[in-house]
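can't give you the sequence, but here's the structure:
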């Protein structure tokens, strides 16, 4: 299995199959990230498609071929922000999964508690400063490591760790009643 940097090099040489293999590695995760952020399957599919087009057009601008994964997620994140800007009624915290919807309604009280907890988490996230909210969502919902979050933000890994720690402390205080 070829590494990302090798596939980028082949794609830059015009190898469509290498480019397809490269996108194949990340397209599902990009789609899922877009779906969580946007909350709409059609918009997420559009973003994933736009990431493919942008990647093909701008792959030569990638300074570190080994960092293609982070670059693709950054492109996807920017595309999502563009969609959100056009949909002013949508809040980034809708990226939090609706955990209650995935549980069977066998116990109405537990279902009500789960719904209330998710709503409380969404509100607590909405109350976070935007950089902390973004860092928490990227780390906890999308599973990105500190270094990739730092690359997305253009900051340092330490700054990403600090923002995540501050976000966790604020969320712990806000969610204290739900422990």
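That came through, no problem. In this text the structure is predicted, and so the values were computed from the model without any measurement.

give the contact list for the residue nearest the centre of the chain.
For the chain, residue 33 is the residue whose C-alpha lies nearest the centre (Cα atoms, centre = their mean; 4.2 Å). Shown in contact with residue 33 (Cβ atoms under 8 Å, 6 or more residues apart in numbering): 73, 76, 77, 80, 142. (Glycine included, C-beta is placed from N, CA and C.)

mark which of those are part of strands, please.
Using DSSP state E, no member of those sits in strands.

and the helix or strand bottoming out on mean pLDDT in the chain, what does it pack onto?
When the helices and strands of the chain are scored by mean pLDDT, DSSP states H and E, helix 108-127 comes last with a mean of 79. Judged by 3 or more Cβ pairs under 8 Å, 6 or more residues apart in numbering; DSSP states H and E, the packing partners of helix 108-127 are helix 130-136, helix 157-174.

what ranges do the helices span in the protein?
4-12, 16-38, 41-58, 68-86, 108-127, 130-136, 146-153, 157-174 (DSSP state H).

return the distance of the second one from the chain's centre.
Meaning helix 16-38. 12 Å (Cα atoms, centre = their mean, to the nearest Å).

what angle do that helix and helix 4-12 make?
Computed with axes from the mean of the first three to the mean of the last three Cα atoms, to 10 degrees, the direction of helix 16-38 lies at 110 degrees from that of helix 4-12.

pull out the buried positions in helix 16-38.
The neighbour-count criterion (16 or more other Cβ atoms under 10 Å) identifies 18-19, 21-23, 26-27, 29-31, 33-38 as the buried residues of helix 16-38.

which regions of the chain sit below the pLDDT cut-off?
Where the chain drops to pLDDT under 70, the residues are 86-108, 110-111.

domain-wise, how is it divided?
According to automatic domain parsing, the chain comprises the domains 1-90, 92-179.

before we move on, back to that, so the least confident helix or strand of the chain versus helix 157-174, what angle?
With the same axes, to 10 degrees as the basis, helix 108-127 and helix 157-174 are set at 130 degrees to each other.

what residues does residue 132 make contact with?
Taking Cβ under 8 Å, 6+ apart, we find residue 132 in contact with 163, 164, 166, 167, 170.

how does it look with 7 Å?
163, 166, 167, 170 (Cβ atoms under 7 Å, 6 or more residues apart in numbering).

no further questions, thank you.
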